[in-house]
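> no sequence on this one, just coordinates:
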């Protein structure tokens, strides 16, 4: 393999991109917008959910437990308490339910008249070793969005827990001691930033490659290249270098954006993460090349994109873990190169693993890239 | 057509090693899915000769050239180009090829196209610089060096394509319809350049539709239905057909081939 000729092919590939301002803009902005969009929508916690509180609690000699819980709820950022109805209005409960039904609020939290008394009675029974019934906080919710329902529910549970512990000095007999081996302080954005990196690199290298080669084939330039001393391997390698480089730049954009906007953590070597993405890009470039011979024009080429992309988006663990993929589809997951790229970069960035831990993922991607390139070169040789 | 007659054609003989044939094909044949494009073609082209292949569309000119530059594998037969067999993929660095379709990169500038082909032929940068200048002058595009090819007119693109075939100063040039879409004034310039290349000892094999151009070739091969029906200098061809033009001569030989 002659390096000069290979680099000539790379240079021409990058040069033709350079002249196409819009494509350059797309290549840089697409990953930036992708990560920002995903980051803001998926990464943010649920905040300011509108709720109504109906407090009918008549209290106990020791005061109102409902008020203490409500005070705790008021301090929460998750909730925005739009109305607080007291025992005065008899149909407060009906009103609150109507407000949920007409979409005015997401949820209503209702404390009954005997709430405090029931709690005190239960506590006293417990002290004397008698059976006790739990008191009830009524939680009416529009669970159209499960995330919101879950968030409000979690908030109520937390507030109740705090009040019981701080005011009645009751400690639950079992505590769960969480020890985060990896991902201390990691949020959802940290989980999927590596996924988006892989996805963007894969999408773009595949798209650039298949379109470029369909163009090369239909205009006769590929044939002309083949009459020069350049070998099939050099053409394929030249392209792979160029598009791998594009994939790298995109990953850098994503990494930088994610660090600046979302303060994601990079526990391991960013360089190793980028290397993994580069391998993925090279492999997908080869895949694009192979498929380009089955497309008669650019329009047909574009038809390959959803076929290649959707399984990867859904099954490669970009947004959902592989464990969420149904068993019978998992063989496909394990067949997708993106699965290993995402798992590899994620392990490097969150777990801080080095090559000694992700060697398997790297090896699989090396094999993928090498196989694609060899097949591409072979198919070029065969075409006469 | 006998070989004696051909050998009488006086091309400037290239010193010592250059003596011999640039192209030598024996019973070359190419079929595409049962359709015969070239059938048993014998072709011998001496070095330092301007050789024109003429014939109607579908007579096998382009297929012949594609086999000779190694883009197509012959169904049968053998050929040597500059002494090398074309059975393996021809990677003779001293062959230049300009295909019929434009086959230059529209999204690159003129300079970048030339730079690419120079790089693929490992032309060193200094030589490239000089060569690029003189080629741009020849194709009259000195002022458009940094223009994108897509912004050039059809004729200009064609000239860029020719320059790409010449950038590495090949010993043997295959030009498939090099003057299509080139205006008459520039065509004259092209032919002067071809003559100059020839005087430097280069061999040029071209196809053309223009009979007035064919007349300017040293040797003309007339192709029809995938085979040579006549070959010789233009004047010889016209004389033995007692025709006043190459066109009439062609018709004469074509009839003969039918009988």
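Sure, I can see it. Please read these numbers as outputs of a predicted model, since none were measured by experiment.

> who in chain B is up against chain A?
Contact residues, chain B versus chain A (CB under 8 Å from any CB of the partner chain): B:69-73, B:89-91, B:93, B:95, B:97, B:99, B:101-109, B:112, B:115-117, B:119-122, B:148, B:164. (Glycine included, C-beta is placed from N, CA and C.)

> among those, which ones are in strands?
B:95, B:97 (DSSP state E).

> all strands of chain B, in order?
Under the criterion DSSP E, strands of chain B are mapped to B:21-32, B:35-46, B:50-54, B:76-81, B:84-85, B:95-98, B:172-176, B:203-208, B:219-224, B:227-232.

> how many residues are close by residue A:240?
28 (other CB atoms under 10 Å in any protein chain shown).

> that one: which element?
For residue A:240, the host element (DSSP states H and E) is helix A:232-262.

> and after that helix, which helix or strand comes next?
Next helix or strand after helix A:232-262 toward the C-terminus (DSSP H and E): helix A:270-292.

> counting by contacts, list what that following helix packs against.
When contacts are defined as 3 or more CB pairs under 8 Å, 6 or more residues apart in numbering or on different chains; DSSP states H and E, helix A:270-292 sits against helix A:188-219, helix A:232-262, helix A:298-315, helix A:337-346, helix A:355-382.

> tell me what angle the fourth one forms with helix A:298-315.
Same thing as helix A:337-346. Relative orientation of helix A:337-346 versus helix A:298-315 (axes from the mean of the first three to the mean of the last three CA atoms, to 10 degrees): 50 degrees.

> quick one, what contacts residue 160?
Just going to use chain A. By CB atoms under 8 Å, 6 or more residues apart in numbering or on different chains, the contact list for residue A:160 reads A:69, A:137.

> look at chain B instead
By CB under 8 Å, 6+ apart, the contact list for residue B:160 reads B:104, B:110, B:113, B:114, B:139, B:141, B:149, B:152.

> my read: the second one touches residue B:143, true?
No. The pair residue B:110 and residue B:143 fails to qualify as a contact (CB atoms under 8 Å) at a distance of 10.1 Å.

> of the contacts of residue B:160, which one scores lowest on pLDDT?
On pLDDT alone, residue B:139 ranks lowest of the contacts of residue B:160, at 85.

> just the mean pLDDT for the helix holding residue A:240, thanks.
In the prediction, helix A:232-262 has an average pLDDT of 89.

> what about it, near chain B?
No. Counting by CB under 8 Å from any CB, chain B is not contacted by helix A:232-262; separation bottoms out at 8.5 Å.

> what ranges does the stretch 1-150 of chain A have for its strands?
Per DSSP state E, counting those that start in this stretch, the stretch 1-150 of chain A carries strands over the ranges A:49-55, A:79-85, A:107-111, A:137-141.

> what average pLDDT does the second one get?
It stands for strand A:79-85. Mean pLDDT, strand A:79-85: 89.

> and that strand, which residues are buried?
Residues A:79, A:81, A:83, A:85 are the ones in strand A:79-85 that count as buried (16 or more other CB atoms under 10 Å in any protein chain shown).

> ok, the third one touching residue A:55?
No. The pair formed by residue A:83 and residue A:55 falls short of the contact definition of CB under 8 Å, at 11.0 Å.

> gap between the closest residue to residue A:292 other than its chain neighbours and chain B?
For residue A:292, ignoring the flanking residues on the chain, the nearest one in space by CB to CB, 6 or more residues apart in numbering or on different chains is residue A:213 at 3.6 Å. For residue A:213, the distance to chain B (CB to the nearest CB, to the nearest Å) stands at 13 Å.

> and residue 86, what does it touch?
In the absence of a named chain, this looks at chain A. Contacts for residue A:86 (CB under 8 Å, 6+ apart) come out as A:55, A:56, A:92.

> chain B, not that one
When contacts are counted by CB under 8 Å, 6+ apart, residue B:86 touches B:67, B:68, B:70, B:74, B:78, B:79, B:80.

> where among the strands of chain B is average confidence lowest?
Ranked by mean pLDDT, the strands of chain B bottom out at strand B:84-85, with a mean of 82.

> quick one: strands adjacent to that one?
Partners of strand B:84-85 in the sheet, by DSSP bridges, are strand B:76-81 (antiparallel).

> report the buried residues of the strand it pairs with.
Buried residues in strand B:76-81, defined by neighbour count with 16+ other CB under 10 Å: B:77, B:79, B:80, B:81.

> same check, this time on stretch A:252-272
A:252-255, A:257-258, A:262, A:264-268, A:272.

> closest one of those residues to chain B?
Distance to chain B, by CB to the nearest CB, is smallest for residue A:253 among the buried residues of stretch A:252-272, at 22.9 Å.

> neighbour count winner among residue B:110 and residue B:143?
Set residue B:110 next to residue B:143 and count neighbours by other CB under 10 Å: residue B:110 wins out with 28 against 8.

> OK, now which residue of the stretch 1-150 of chain B is nearest to chain A?
Proximity of the stretch 1-150 of chain B to chain A (CB to the nearest CB) peaks at residue B:119, 3.0 Å away.

> quick check: closest non-adjacent residue to the residue of the stretch 1-150 of chain A found nearest chain B.
Closest to chain B within the stretch 1-150 of chain A is residue A:8: 3.0 Å, counting by CB to the nearest CB. The shortest distance from residue A:8 to any non-neighbouring residue, by CB to CB, 6+ apart, is to residue B:119 (3.0 Å).

> burial check on the one you found, number of neighbours?
Neighbours of residue B:119 (other CB under 10 Å): 25.

> right, and it touches residue A:11 too?
Yes. With contact defined as CB under 8 Å, residue B:119 reaches residue A:11; the gap is 7.3 Å.

> now do the contacts for the residue nearest to residue A:8.
By CB under 8 Å, 6+ apart, the contact list for residue B:119 reads A:4, A:5, A:7, A:8, A:11.

> contact residues of chain A facing chain B?
Within chain A, the positions near chain B by CB under 8 Å from any CB are A:2, A:4-5, A:7-9, A:11-12, A:15-16, A:19-20, A:219-221, A:223-231, A:381, A:384.

> now with 7 Å?
Contact residues, chain A versus chain B (CB under 7 Å from any CB of the partner chain): A:4-5, A:8, A:12, A:15-16, A:19-20, A:219-221, A:223-230, A:384.

> which one of the buried residues of strand A:79-85 is nearest residue B:52?
When the buried residues of strand A:79-85 are ranked by distance to residue B:52 (CB to CB), residue A:79 comes first, at 88.2 Å.

> identify the residues contacting the residue lying closest to that closest one once chain neighbours are set aside.
Excluding the flanking residues, the one nearest residue A:79 by CB to CB, 6+ apart is residue A:51, at 5.2 Å. Taking CB atoms under 7 Å, 6 or more residues apart in numbering or on different chains, we find residue A:51 in contact with A:79, A:81, A:82, A:105, A:106, A:107, A:108, A:109, A:152.

> let's see that with 6 Å instead.
A:79, A:81, A:105, A:107 (CB atoms under 6 Å, 6 or more residues apart in numbering or on different chains).

> so what pairs up with it in the strands?
Residues in a beta bridge with residue A:51, per DSSP bridges, are residue A:81, residue A:107.

> picking that back up, make a ChimeraX selection of the buried ones in the contacts of residue B:119.
ChimeraX command restricting the contacts of residue B:119 to the buried ones, with burial defined by 16+ other CB under 10 Å:
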select /A:5,7,8,11
